[in-house]
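[1] Below are the sequence and a predicted model; questions follow.
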Amino acid sequence: MSWRWRGEGGQHRGGRPYQEDSWAMRPLADGSLLAVVADGMGGHAGGATASKLVVEAMVQAIEQQRSLADALQVANAAVLEGGKGRPDLDGMGSTVVAALVAGDEVRWISVGDSPFYIVSGRALERLNADHSMAPQIDALQARGMLTAEEAAAHPGRHTLREAVMGQPLKLIDEGSRRLDRDSRLLLCSDGVHSIDDDALAAQASRPVQELIAAVLAAGVPHQDNVTIVKLERAP
């Protein structure tokens, strides 16, 4: 397929006093388009540093024609190295979702809970795994062990089971997908979850800043940082 792809991204710190998300988008020499979103953890300094290290390392590795899997390991090593001799960065880490789109195919890799969506028309589907406790808590609800209200408000819901912290990674999601001509791809930090899937799908054709405005308009107390990168076929 000779389709060309374009994209745009943006972010807002929401109700937080600082921004811990980082993102990048790069056209590559082979005609593919790379997008990366990382959501840092570990406090202001640690989260911002970790997400920046992850994004920069992955972009550089992919530009050097490394695979997505190799680029993830490079990013993991960058976080480990970046924290050496820095007690203020102890415990820093980051989620990451990276996607390479070319022709009618997208390939991705992710660690953590930052979602990666495909939108076709008004139908939205999450492509990558959620490495937080949310799926396990939802399973308890499905078995009748928790009510919907208890599951939604569970204090462990957003606890990460895996993150890029410089340690061996046990949970990595990788995949590929054939795309329709009208497919749109959304790489997000988990702050986007202030709106539901239907609302996100309905807004997907709009500019990224309008998508972010819709998230902020939900008025969720203590709104998390929100980052969205959208990829779509160029006309």
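    Noted; the coordinates are in hand. Residues are numbered from 1 along each chain as shown.
[2] So the residue nearest to Leu171 when sequence neighbours are not counted: helix, strand or coil?
    In this structure, Leu171 finds its nearest non-sequential neighbour in Glu162, 3.7 Å apart by C-beta to C-beta, 6 or more residues apart in numbering. For every residue, glycine as well, the C-beta is placed using N, CA and C. Under DSSP: H, G, I helix; E, B strand; the rest coil, the three-state class of Glu162 is coil.
[3] any idea how far Glu162 lies from Leu169?
    Separation of Glu162 from Leu169 (C-beta to C-beta, to the nearest Å): 7 Å.
[4] Overlap of the contact sets of those two?
    Residues touching both Glu162 and Leu169 (C-beta atoms under 8 Å, 6 or more residues apart in numbering) are Val111.
[5] pretty sure the residue nearest to Leu171 is touching Asp113, no?
    No: using C-beta atoms under 8 Å as the test, Glu162 is too far from Asp113 to be in contact (9.0 Å).
[6] Neighbour count for those two, which is higher?
    Taking neighbours as other C-beta atoms under 10 Å, Glu162 and Asp113 compare with Asp113 leading, 26 against 20.
[7] Would you check how far apart the more buried one and Ala217 are?
    Asp113 is 23 Å from Ala217, by C-beta to C-beta.
[8] returning to that earlier point: residues in contact with the residue nearest to Leu171?
    Glu162 makes contacts with Val111, Gly112, His131, Leu169, Lys170, Leu171, Ile172, as judged by C-beta under 8 Å, 6+ apart.
[9] which of these sit farthest apart?
    For the contacts of Glu162, the maximum inter-member distance is 12.3 Å, found between Gly112 and Lys170 (C-beta to C-beta).
[10] Comparing those two, which shows the higher neighbour count?
    Of the pair Gly112 and Lys170, Gly112 is the one with more neighbours under other C-beta under 10 Å, namely 27 against 9.
[11] How about the more buried one, nearest residue that isn't a chain neighbour?
    Closest to Gly112 by C-beta to C-beta, 6+ apart is Thr95, at 2.6 Å.
[12] mind checking pLDDT for the one you found?
    Looking at Thr95, its pLDDT stands at 98.
[13] Next, it: phi, psi?
    The phi/psi pair for Thr95 (degrees, to the nearest 10) reads phi -80, psi 170.
[14] now Phe116
    Torsion angles, degrees, to the nearest 10, at Phe116: phi -130, psi 120.
[15] so how far is Gly91 from the closest residue to it other than its chain neighbours?
    Spatial nearest neighbour of Phe116, excluding adjacent residues (C-beta to C-beta, 6+ apart): Asn128 at 4.3 Å. Asn128 sits 24 Å away from Gly91, going by C-beta to C-beta.
[16] And these two? Which one has more around it.
    Per other C-beta under 10 Å, whichever of Asn128 and Gly91 has more neighbours is Asn128, with 21 against 12.
[17] Now do the buried residues in the top helix by length along the chain.
    Longest among the helix segments of the chain by residue count, using DSSP state H, is helix 43-63. By neighbour count, and taking 16 or more other C-beta atoms under 10 Å as the criterion, the buried residues in helix 43-63 are 43, 46-59, 61-62.
[18] list the buried ones in the helix or strand just after that helix?
    On the C-terminal side of helix 43-63, the nearest following helix or strand under DSSP states H and E is helix 68-82. By neighbour count with 16+ other C-beta under 10 Å, helix 68-82 contains the buried residues Leu68, Ala71, Leu72, Gln73, Val74, Ala75, Asn76, Ala78, Val79, Gly82.
[19] Tell me the helix or strand right after helix 68-82.
    Moving toward the C-terminus from helix 68-82, the next helix or strand (DSSP H and E) is strand 93-94.
[20] Who are the packing partners of the helix or strand just after that next one?
    Going down the chain from strand 93-94, the next helix or strand is strand 96-102, by DSSP H and E. The contact analysis (3 or more C-beta pairs under 8 Å, 6 or more residues apart in numbering; DSSP states H and E) places strand 96-102 against strand 33-41, helix 43-63, helix 68-82, strand 105-111, strand 184-188.
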